[in-house]
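In: Take a look and give me a structure for this.
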Amino acid sequence: MKHLLSLCIITLLFTAPTQAAPADTNQLRDQGMAVIQQFFTALKGELRTGLKSGGPPQAIQVCRVEAPAIAQRVGEQSGWQVGRTSERLRNPSNAPDAWEAKVLADFAAQAKAGAKPGKLVYSEVVTTAQGQRVFRLMKGIPMGGMCMACHGPSPSRAVREQLQRLYPQDQATGYRSGRLRGAFTLQKVLD
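Out: I've put the predicted structure just below:
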């Protein structure tokens, strides 16, 4: 009887369905924040170069062409999907999905209640409709600095003309310094 019980336990151990190991969300969050910093640093450098070479209209062109290229390069190097999104879009291809829209709305409520936009961070492991586990992370983007020239309340005529040429449906101006501009958004497939 003792051997039969042992055999049953061993059989259960080896035939029980295996579940994926739980993700270390703290480690993933730290990795994601490092990826965001890498992306932001590279984009900021390109924007500074654009501002020096052609002013804010050139910076808009840099954001249009270089930002997606930088996001792709950083993503390929890190294994993360990297992007930016906002409730008020400039580039329609950055439109939030349902999960991102919910997080953006929560960030907006927190910012309205006094939270600093650059401190807003949210992450979780979600399961896709296909059963795949994905770690998702968003970090608020505060308005300020060199971004004011193209996203602030009073863009120059040259900026307005460039926006009309490149983004005729632009909704991303009128921001005040210190406000929530949007968010960095990252994804990493876990299994």
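In: how far away is Gln130 from Ala108?
Out: To Ala108, Gln130 is 30 Å away according to C-beta to C-beta, to the nearest Å. The way it works is simple: take the backbone N, C-alpha and C, and place the C-beta from them, glycine included.
In: same deal with Met146?
Out: Counting by C-beta to C-beta, the gap between Met146 and Ala108 amounts to 23 Å.
In: sorry, back to before: out of Gln130 and Ala108, which sits in the more crowded spot?
Out: When Gln130 is set against Ala108 and neighbours are counted by other C-beta atoms under 10 Å, the residue ahead is Ala108, at 16 against 5.
In: Does that one touch Ser86 like I think?
Out: No: here Ala108 lies out of contact with Ser86, judged by C-beta atoms under 8 Å, at a distance of 10.1 Å.
In: Give the helix, strand or coil label for the closest residue to Gly144 other than its chain neighbours.
Out: Counting by C-beta to C-beta, 6 or more residues apart in numbering, Gly144 lies nearest to Ser177, which is 4.7 Å off, once chain neighbours are set aside. Using DSSP: H, G, I helix; E, B strand; the rest coil as the criterion, the local structure at Ser177 reads coil.
In: Report the next helix or strand after the lowest-mean-pLDDT helix or strand in the chain in sequence order.
Out: For the chain, the helix or strand with the lowest mean confidence is helix 2-15, at a mean of 39 (criterion: mean pLDDT, DSSP states H and E). Tracing the chain past helix 2-15, the next element assigned as helix or strand by DSSP states H and E is helix 25-78.
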